[in-house]
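**Q** coords please:
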Amino acid sequence: MQKVLVLLFLVWVCLLFYAGIALFTSGFLLTRLELTNYSICQEPPGPGFLPWGSQGKPGACWMTSRFSRVVLVLIDALRFDFAQPQQSHTSGDPPVSLPFMGKLGSLQRLLEIQPHHARLYRSQVDPPTTTMQRLKALTTGSLPTFIDAGSNFASHAILEDNLIKQLNSAGRRVVFMGDDTWKDLFPGAFSKAFFFSSFNVKDLHTVDNGILEHLYPTMDSGEWDVLIAHFLGVDHCGHKHGPHHPEMAKKLSQMDQVIRGLVERLENDTLLVVAGDHGMTVNGDHGGDSDLEVSAALFLYSSTPLFPSAPPKDPETIPQVSLVPTLALLLGLPIPFGNIGEVMAELFSWGEDSRPDSSALAQASVLHLNAQQVSRFLHAYSAATQDLQVKELHRLQNLFSKASADYQRLLQSPHRAEATLQTVITELQQFLRGARAICIESWARFSLRHWEGPPRHSGAYALRLGVGLLLCTRLAGLFHRCPEETPACHSSPWLSPLASMVDGRAKNLWYGACVGALVALLVAVRLWLRHYGNLKSPEPPVLFVRWGLPLMALGTAAYWALVSGADEAPPRLRALVAGASVVLPRAVVGLAATGLMLLLWKPVTVLVKAGTGAPRTRTVLTPFSGPPTSQADLDYVVPQIYRHMQEEFRGRLERTKSQGPLTVAAYRLGSVYSAAMVTALTLLAFPLLLLHAERISLVFLLLFLQSFLLLHLLAAEIPITAPGPFTVPWQAVSAWALMATQTFYSTGHQPVFPAIHWHAAFVGFPEGHGSSTWLPALLVGANTFASHLLFAVGCPLLLLWPFLCESQGPRKRRQPLRSETEARVRPEEEEEPLMEMRLRDAPHHFNAALLQLGLKYLFVLGVQILACALAASILRRHLMVWKVFAPKFIFEAIGFIVSSVGLLLGIALVMRVDGAVSSWFEKLVLAQQR
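**A** Numbers count the residues shown, from 1 in each chain. Here you go, the predicted structure:
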């Protein structure tokens, strides 16, 4: 009962921490209220005249449509510099040749040959730069909040007003092909759709080839008004190989051919839009707010003149959400109600109606219509919630009122000076940009005891342990990954999978090193268990350690061999390789689960031995002795230990000189708790290792070695106090928690979204997960927080290890003598150290020590997350809040939850072993009584 109360109290403390995290998160990671209002043609966004050409025309909405059709080609992760031509170099400078540059040559040719028909923009993306959030922005014109990044695993239908809904309301036929994320965002919104699974980032061609199979036939059929094609090959190539790989050049060349084919089929009433939803880092990742991630390409082209002037030398930078009001008005649709984008006014400079308005007046008209829509949204939003700053909101409304009044006077004035028109345009642009800034401010920038006694080892021993620990830490640091904000730093090349290596000999050498690390880890665990005698029991967990762990290591090594050379496999063997890539990791996980269940079922690995000793030897019970010498010994010991333990518990052991010699021993009870913990950690480590790149196996080996050295270093300075109380010092708990954090970074992780190892979702599932989202999220989470889980589960070793290292050899024990004759005939007996059995001498102290250890570990983790919360709160206006402070808080919060669950599991395992040991003794007594 006492054990249950300890666990319940720790759970209650964890819940308190969870409540604190949730409370801070609710105020720091702000959410945006999604209004259900919709724009309709019959209700203009504000009073006054509609723009030129809108009145009196059949089907006219807020303004007359300029295009009847739109082809939207969305190339996922099309970074802006991917669309740039190969830069020429000056004399004396080495030529710059990057695989991705100059591959979209058709864009550059159109810009040079038809400068009034085409325009390239640098699209400024709002973070988070994840695909689902960017699709929301590209269709609603609004800003997803930072906390929405987590829903990239599970997209939900967009309920607020958006372009797709406006197209459906207007009776337009929308055909889609590509990324199946659109299926969840816009269920039932397409007249025809061809969806392809988007989550398998290792697959560069399935989605793109599927689109190409349907793209040109659909376009030639004419049964569409808006055609959307969402290609994924460039994004997946970035995730798998990075932007500098030759495969990226191939994918961009393929996209160039697609654009060329679309231009050839384009009619005069059709607008071609080629856009990237976000960029990518130098490693091919995305999700944060670095310059490369928020810089995407946007290209517009029409067979008829579209722009009044030639494109500038340096492409203009526009917010990504500006595309939404621009497309809406070009198609004659209402601007979505929640849009905060600024219309691209230069596309409306060519007026074709009878009124002799200038180009500037046309731009002022569409900007005023856009400003009316944004003003209406701000008014409705501020009435529904108090997120927006009141003072800034009043200033913007005053600015809009002045600009609107100037615009109305301008329309009624027969003499329209160019300077006056430019002033109105400037005022309207200031309002629109100020409105977007205030929304970003609210939605995307965050507001808000010592051990007694002398040490048991010399200083030289502790120094050797410390040097070894520092050496392991330094070696593990070689597998680091640099943050994006430190360009001078270079990430370790050893973080990439072996499949990305071109040199076959180097790949084989690395594979041998990885398998060697795997074998070394397995051998080290087996030798440790054998050293403490826990590998000699016939119990199922011990048998599994003997045979199951080697099978897990063999399966892991075979899986690495397959995935590292999958691309080089002969065609006739590829099906076999693909099948084995599915079966092997699942088999390893299944074996690990089986071993853990056996450990929970039979956690006590104990052997007993009985034999005769010298005449007149006292009958004693000791926790340790040698292994049984024969099966007869083992069969004989059972009734003897029953009788002996019954007499010991009742205190009725006959101590007579005539009694025969009998020594009964329980074999290796002194390490029964630690053996279970080490076995459990090893079984957990193998599946977690599978989720990482092959070369991280070296880090896992160093992790176990570091833990071993740190535990010995701490135990070397901690004497054992019997019968209690037992306490783990603060410095030991703090060092253990810091080592978990250090291992997080040493396994190639960073607390930012672009550094997430998405490939872990496909271990055992190379073809993806279908519609499931929880399983890939679980696999990626296990990869990311593997170090948190392992160190939290192993935290009870801090309490157990000093007892395990109690003595390096047996001690002499003398019994009280009753006579000189007995002193002459009784030899000295060797007493083995009790080690972990000392904890059972005082069970109330044992439970209290576990509770205290759990509370200390939670406190240290709580201090870490408190520091992150304070940093994020104090620096909420810092430029790096998106890049550093907010992601760090999110990762720390999730890491705390994982660590707290792991801590509870680790303590529960120790209590399970303790209960099993108690049951083991009780069964012996009860059996003898019967």
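
**Q** switch to C-alpha atoms for all contacts and neighbour counts from now on
**A** Noted.

**Q** how is this protein partitioned into domains?
**A** Under the assignment the TED database, the domains of the chain span 1-19+478-609+667-808+833-929, 60-84+99-350.

**Q** lowest mean pLDDT across these, which one is that?
**A** Lowest mean pLDDT within these: domain 1-19+478-609+667-808+833-929, at a mean of 83.

**Q** list the helices and strands the helix or strand where R109 lies packs on?
**A** Remark: R109 resides in helix 105-113, with elements defined by DSSP states H and E. Helices and strands in packing contact with helix 105-113 are listed as strand 118-124, helix 246-265; criterion 3 or more CA pairs under 8 Å, 6 or more residues apart in numbering; DSSP states H and E.

**Q** related to what we said a few turns ago, most tightly packed of the domains of the chain?
**A** domain 60-84+99-350 (a mean of 21; mean count of other CA atoms under 10 Å).

**Q** how far off centre is it?
**A** From the chain centre to the centre of domain 60-84+99-350 is a distance of 27 Å (CA atoms, centre = their mean, to the nearest Å).

**Q** H230 belongs to a strand?
**A** Yes. Using DSSP: H, G, I helix; E, B strand; the rest coil, the secondary structure at H230 is a strand.

**Q** look up how far F195 lies from it.
**A** Computed with CA to CA, to the nearest Å, the distance linking H230 and F195 is 10 Å.

**Q** common neighbours of the two, please.
**A** Taking CA atoms under 8 Å, 6 or more residues apart in numbering as the contact criterion, the common neighbours of H230 and F195 are 177-179.

**Q** make CSV out of those residues and add distance to P246 and secondary structure.
**A** Conversion of those to CSV gives the following (distance: CA to CA, whole Å; DSSP: H, G, I helix; E, B strand; the rest coil):
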residue, distance to P246, secondary structure
M177, 26, strand
G178, 24, strand
D179, 24, strand
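
**Q** out of the residues you listed, which is nearest to L272?
**A** Checking the shared contacts of H230 and F195 against L272 by CA to CA gives M177 as the nearest, at 15.8 Å.

**Q** that closest one bridge partners, please.
**A** As for beta bridges, M177 partners with F194, A229 under DSSP bridges.

**Q** wait, it sits on H230?
**A** Yes. Between M177 and H230 a contact is recorded at 6.4 Å, counting by CA atoms under 8 Å.

**Q** tell me how far the helix or strand H845 falls within lies from the chain's centre.
**A** In this structure, H845 is located in helix 843-874 according to DSSP H and E. Distance of helix 843-874 from the chain centroid (CA atoms, centre = their mean) equals 23 Å.

**Q** now do stretch 906-926
**A** That offset, for stretch 906-926, works out to 38 Å (CA atoms, centre = their mean).

**Q** show me the contacts for L804.
**A** Contacts were defined as CA under 8 Å, 6+ apart; by that measure L804 touches 670-671, 674, 835-836.

**Q** now with 7 Å?
**A** Contacts were defined as CA atoms under 7 Å, 6 or more residues apart in numbering; by that measure L804 touches 671, 835-836.

**Q** try Y511
**A** By CA under 7 Å, 6+ apart, no residues touch Y511.

**Q** next up, phi/psi of it, please.
**A** As for Y511, its main-chain torsions (degrees, to the nearest 10) stand at phi -60, psi -40.

**Q** also T420?
**A** Backbone torsions for T420, taken as degrees, to the nearest 10, come to phi -70, psi -40.

**Q** next: M344.
**A** Note on M344: its backbone torsions stand at phi -80, psi 90 [degrees, to the nearest 10].

**Q** wait, it touches S322, no?
**A** Yes. Contact status for M344 versus S322: in contact at 6.5 Å, counting by CA atoms under 7 Å.

**Q** just put the helices and strands packed on helix 105-113 in CSV and tack on distance to W774.
**A** Converted to CSV, the helices and strands packed on helix 105-113 look like this (distance: least, CA to CA, whole Å):
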stretch, distance to W774
strand 118-124, 32
helix 246-265, 30
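
**Q** out of those, which comes closest to E34?
**A** strand 118-124 (22.8 Å).

**Q** tell me what the very next helix or strand once past the closest one is packed against?
**A** Once the chain leaves strand 118-124, the next helix or strand it forms, by DSSP H and E, is helix 131-140. Packing partners of helix 131-140 (3 or more CA pairs under 7 Å, 6 or more residues apart in numbering; DSSP states H and E): helix 163-169, helix 323-330.
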